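In: okay, structure incoming, though there's no sequence with it:
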């Protein structure tokens, strides 16, 4: 097996990898530090609630924060630990508690212990180690939907029976939904609404910054084209999803490696999109009339291996393609109408850019399928 030509360290594109610095999540990290400063000082426990859509950096931010919190505690001579519990994988009270116990005792039995017994076991481990544990409940809404609100109460009130000792447990909940409304009054009183930290969807510019940072870590210098990164950010920008953007980068890199290419090009990005979240289907192409097919073919031909093509270039190609197939080219207004129809169907993407020299230019992209695949399918169909 030949060594990779493009990848320097593909593990840096894993969803489990947590960068030393997180792009565009500085504000959320600062809020966590503000909330947990008393925990670091040993004066109290704390709770926090992280809310946001998929791929907005909630899990990565909580991991980065907990790792940095442990380091800061160690520098102060304090024992601090944390555990991440994915509540989608462990959706019951017993499963969550067993995961926490196993953090300290890997050989803890699968069954035979009640929730109360496991809570006592956790307390013994914390007292023995004199450690403060931060429990992170990821996708907490799945757990609460199954009626496990009492567990949240037990964990957030874990230190109530301790007299004169140091607080030993804090809790962070992560969710796409506002789970505070799913808690009973007793549990929700420990999760103050002021402790909720919101994660908005990433903008295209922010996704581009994230992709550039990951590309520097995962690929050899100069092996990922800048316009490829811009295209990935554009594609993932529809959802504001960094996970999707990083997945595109990973798969595009693998396609380029398989092809033996020297750089990750926009065609590899479109191929990666087709493998991950393609909305283009054969039926969509079959449903197009001849003029729409000619416009789409013109876009694909003008695109070549670029990330984008400008409208004038696509329109000039359309006139050539129409004549090639024995059709009278329609005027600019009709061409623009066809282009908007294709955009509405998700077959092309368009964005308007204010140019530095003045004026506005529309850039066209192919979001789902490589340009050469579109060319082949349409040319075959138009040749029938």
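Out: Ah, there it is. Everything quoted here is computed from the prediction, not taken from an experiment.
In: packing partners of the host helix or strand of residue 68?
Out: Remark: residue 68 resides in helix 58-75, with elements defined by DSSP states H and E. In this structure, helix 58-75 packs against helix 26-41, strand 47-52, strand 80-86, strand 132-138, strand 169-175, with contacts taken as 3 or more CB pairs under 8 Å, 6 or more residues apart in numbering; DSSP states H and E. The C-beta positions use only the backbone N, C-alpha and C, and glycine is treated the same way.
In: hey, what's the angle from the following helix or strand past the third one to strand 80-86? Just curious.
Out: Which is strand 80-86. In the C-terminal direction, the helix or strand that comes right after strand 80-86 (DSSP H and E) is helix 93-104. Taking axes from the mean of the first three to the mean of the last three CA atoms, to 10 degrees, helix 93-104 and strand 80-86 form an angle of 140 degrees between their directions.
In: for this protein, give me the ranges with low pLDDT.
Out: Judged by pLDDT under 70, the chain has its weakly predicted residues at 1-2, 161-165, 186-191, 279-283, 357-358, 383-384.
In: surely residue 241 meets residue 58?
Out: No - proximity of residue 241 to residue 58 does not meet the contact threshold set by CB atoms under 8 Å, at 11.9 Å.
In: the more surrounded of those two?
Out: Under the neighbour definition other CB atoms under 10 Å, residue 241 and residue 58 were set side by side, and residue 58 has more, 25 against 21.
In: ranges for the helices of the stretch 251-384 of the chain?
Out: Taking DSSP state H, counting those that start in this stretch as the criterion, the stretch 251-384 of the chain carries its helices at 266-277, 282-286, 290-303, 311-324, 332-344, 371-382.
In: surely residue 235 is within a helix?
Out: Yes - going by DSSP: H, G, I helix; E, B strand; the rest coil, the assignment for residue 235 places it inside a helix.
In: contacting residues for it?
Out: If you count contacts by CB atoms under 8 Å, 6 or more residues apart in numbering, residue 235 has them with 244-245, 248, 269, 273, 349, 367.
In: again, 10 Å this time
Out: With contacts taken as CB atoms under 10 Å, 6 or more residues apart in numbering, residue 235 has the following neighbours: 204, 207, 241, 244-245, 248, 269-270, 272-273, 276-277, 349, 365, 367-368.
In: just those now: which is nearest residue 375?
Out: Closest approach to residue 375 among those (CB to CB): residue 270, at 12.0 Å.
In: ends of stretch 172-180, what's the gap?
Out: Stretch 172-180 has an end-to-end distance of 12 Å (criterion: CA to CA, to the nearest Å).
In: er, stretch 233-250 I mean
Out: Distance across stretch 233-250, first residue to last, is 13 Å (CA to CA).
In: figure out how far it is from the centre of its chain.
Out: Per CA atoms, centre = their mean, to the nearest Å, the displacement of stretch 233-250 from the mean C-alpha position of its chain is 7 Å.
In: how about that stretch: buried residues?
Out: Taking 16 or more other CB atoms under 10 Å as the neighbour-count basis, stretch 233-250 is seen to contain the buried residues 233-237, 239-250.
In: with stretch 21-29 instead?
Out: Residues 22-25, 28-29 are the ones in stretch 21-29 that count as buried (16+ other CB under 10 Å).
In: just how off-centre is it within its chain?
Out: Relative to its parent chain, stretch 21-29 has a centroid offset of 14 Å by CA atoms, centre = their mean.
In: and stretch 311-327, by the same measure?
Out: Distance, stretch centre to chain centre, for stretch 311-327: 39 Å (CA atoms, centre = their mean).
In: list the contacts of that stretch.
Out: Applying CB under 10 Å, 6+ apart, the external contacts of stretch 311-327 come out as 290-291, 293-303, 306, 309-310, 328-332, 335-336, 338-339, 348, 350, 352, 361-364, 378-379, 382-383.
In: quick one: residues contacting residue 294.
Out: Contacts for residue 294 were tallied using CB under 10 Å, 6+ apart; they are 288, 317-325, 327, 329-330, 335, 338, 378, 382.
In: and it, how far from residue 175?
Out: 48 Å (CB to CB, to the nearest Å).
In: about what we covered before: among the buried residues of stretch 233-250, which are in helices?
Out: Of these, the ones assigned to helices by DSSP state H are 233-237, 242-250.
In: closest to residue 196 out of those residues?
Out: Closest to residue 196 out of these is residue 242 (20.6 Å), distances taken as CB to CB.
In: would you check that the closest one makes contact with residue 60?
Out: Yes - distance between residue 242 and residue 60: 8.1 Å, which falls inside the contact criterion (CB atoms under 10 Å).
In: need the overlap of contacts for those two.
Out: Common neighbours of residue 242 and residue 60, using CB under 10 Å, 6+ apart, are 15, 22, 25.
In: who's in contact with the residue nearest to the first one when sequence neighbours are not counted?
Out: Excluding its sequence neighbours, the residue lying closest to residue 15 (CB to CB, 6 or more residues apart in numbering) is residue 243, at 6.3 Å. Contact criterion CB under 10 Å, 6+ apart gives 15, 54-57, 59-60, 236 as the residues in contact with residue 243.
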